[in-house]
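> need a 3D model of the following:
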Amino acid sequence: MAIPQAELDAIDAVQKKTFTGFNLAYKNQDYQMLVETFTEDCTFVPPGSGPIKGRDGVKKMCEGMHKAGVADIKITKAEARPVGEYIFKFGEADMFDKDNKKVDVTNFAQIWRKDGDGQYRHWFEMINSQAPPKPPSS
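From the prediction side, this is the model:
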């Protein structure tokens, strides 16, 4: 079963708002636009970490990404599949620093849910770095 284009467009609009919020938060430390694109009961799994729950967790995770030097994220490949009342989206994204230098290539998996207000939001997201792990310190 194909996902109607209007549904894909709605998710893409929220994804754009997520990245706009991420970029604005990098510049002015206001995470409100970003966190509102996630459900209140969301789960986020960043690279090298266990699951983080809720919007406060998303905010803390993004603050950490900013402190690590990530200033922008751009999806380069994506596919979407319907899963009951949810939409599963997966693909690759590039991460950039403030000088627009690529610092990482990641794989991502997202589950989108339509909330009671009719707005799609991230319900689950996982990001996995393609960078090789650092060797253990001796």
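
> and the longest helix for this structure?
Looking across the chain with DSSP state H, the single longest helix is helix 5-28.

> state the pLDDT value of His122.
pLDDT for His122: 96.

> could you give the backbone dihedrals for Asp30?
The phi/psi pair for Asp30 (degrees, to the nearest 10) reads phi -110, psi 110.

> skip the chain neighbours and tell me the closest residue to it.
Leu24 (6.3 Å; Cβ to Cβ, 6 or more residues apart in numbering). All C-beta spots, glycine's among them, are computed from the backbone N, C-alpha and C.

> count of residues packed around that neighbour?
15 (other Cβ atoms under 10 Å).

> that older thread, the helix or strand that the longest helix of the chain is followed by: which residues count as buried?
Next along the chain after helix 5-28, taking DSSP states H and E as the criterion, comes helix 32-35. Neighbour-count burial for helix 32-35 flags Leu34, Val35 (criterion: 16 or more other Cβ atoms under 10 Å).

> what's the mean pLDDT across stretch 67-76?
Rounded mean pLDDT across stretch 67-76 is 92.

> what about it, distance to the chain center?
Relative to the centre of its chain, stretch 67-76 is centred 10 Å away, using Cα atoms, centre = their mean, to the nearest Å.

> what of stretch 88-96?
The answer for stretch 88-96 is 8 Å, by Cα atoms, centre = their mean.

> now do the buried residues in that stretch.
Buried residues in stretch 88-96 (16+ other Cβ under 10 Å): Phe88, Lys89, Ala93, Met95, Phe96.

> list of residues touching that stretch?
11, 65, 70-82, 102-112, 127, 130 (Cβ atoms under 8 Å, 6 or more residues apart in numbering).

> ok so, going back, contacts for the longest helix of the chain?
So helix 5-28 is in contact with 30-37, 62-63, 66, 70-75, 80, 87, 89, 98, 112, 119-122, going by Cβ under 8 Å, 6+ apart.

> also stretch 98-106?
26, 47, 69-72, 76, 92-97, 127-131.
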